[in-house]
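**Student:** fold the following, please.
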Amino acid sequence: MPKIEEIEFTPNPNARKFVLREPLTFGLSRSFESAEQAAGDALARELFAMAHVTNVFYVDRWLTVTQDGKAHWPELLRELAVPIRGAPSAQERSAELLGGAGETDLSGTSPAPASGEDEDGRLPAIRELLDREVRPYLQGDGGDLYVLGIDGNTLKVHYQGACGSCPSSLSGTLAGIEGLVQRLHPEMDVMAV
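**Tutor:** Residues are numbered from 1 along each chain as shown. Below is the predicted model:
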């Protein structure tokens, strides 16, 4: 059961980041933008059951919850803490899935890209640049960025967590990302979807 180490503000006034003492996953991010998307995830489903929750994003030792701006944060934080504290840790979930199959390395790795995902030869260098220069900062603020692909000369990205509805992500950060990407490929535009 993950214990909450601290709760942080994010640049998005409608999002809070919970820093945990135990990981919820081993490197896999989980992002939900609606209760329907969260139906198969017990923790996200419990969080969406609370009034005003609009987004749940978690990976490793942190979880970000975004609300619609109508809830009073101190009250909502107390409610959110209950299912977060009760959620099984990544270690517990892995042991459950393995059925107690002895000692296993549960450090996990990132999933392999989907077949055909890297068809455009420009993507690996762009991903490496974003992983190094952008994603650590977004993750520090309770969000992340997922590269959807390239369509012509347009890089399509999707913001996750606190970044998904943050005004600075959708304007300033996007312009910064485009500037970085244009160092590699001057003809490239970046669009958030």
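**Student:** my read: D141 touches K17, true?
**Tutor:** Yes - between D141 and K17 there is a contact at 7.4 Å, judged by C-beta atoms under 8 Å. For every residue, glycine as well, the C-beta is placed using N, CA and C.
**Student:** list the buried residues in the longest helix along the chain.
**Tutor:** Counting residues, the longest helix found in the chain (DSSP state H) is helix 73-86. For helix 73-86, a neighbour-count test (16 or more other C-beta atoms under 10 Å) marks L76, L77, E79, L80, P83, I84 as buried.
**Student:** repeat that for stretch 2-15.
**Tutor:** Buried-residue list, stretch 2-15, by 16+ other C-beta under 10 Å: P2, E8, T10, P11, N12, N14, A15.
**Student:** and those, which two are furthest apart?
**Tutor:** P2 and P11 (24.0 Å; C-beta to C-beta).
**Student:** okay, now the unreliable bits of this structure?
**Tutor:** Applying pLDDT under 70 to the chain flags residues 96-119, 170.
**Student:** tell me which helix or strand P124 sits in.
**Tutor:** helix 123-133 (DSSP states H and E).
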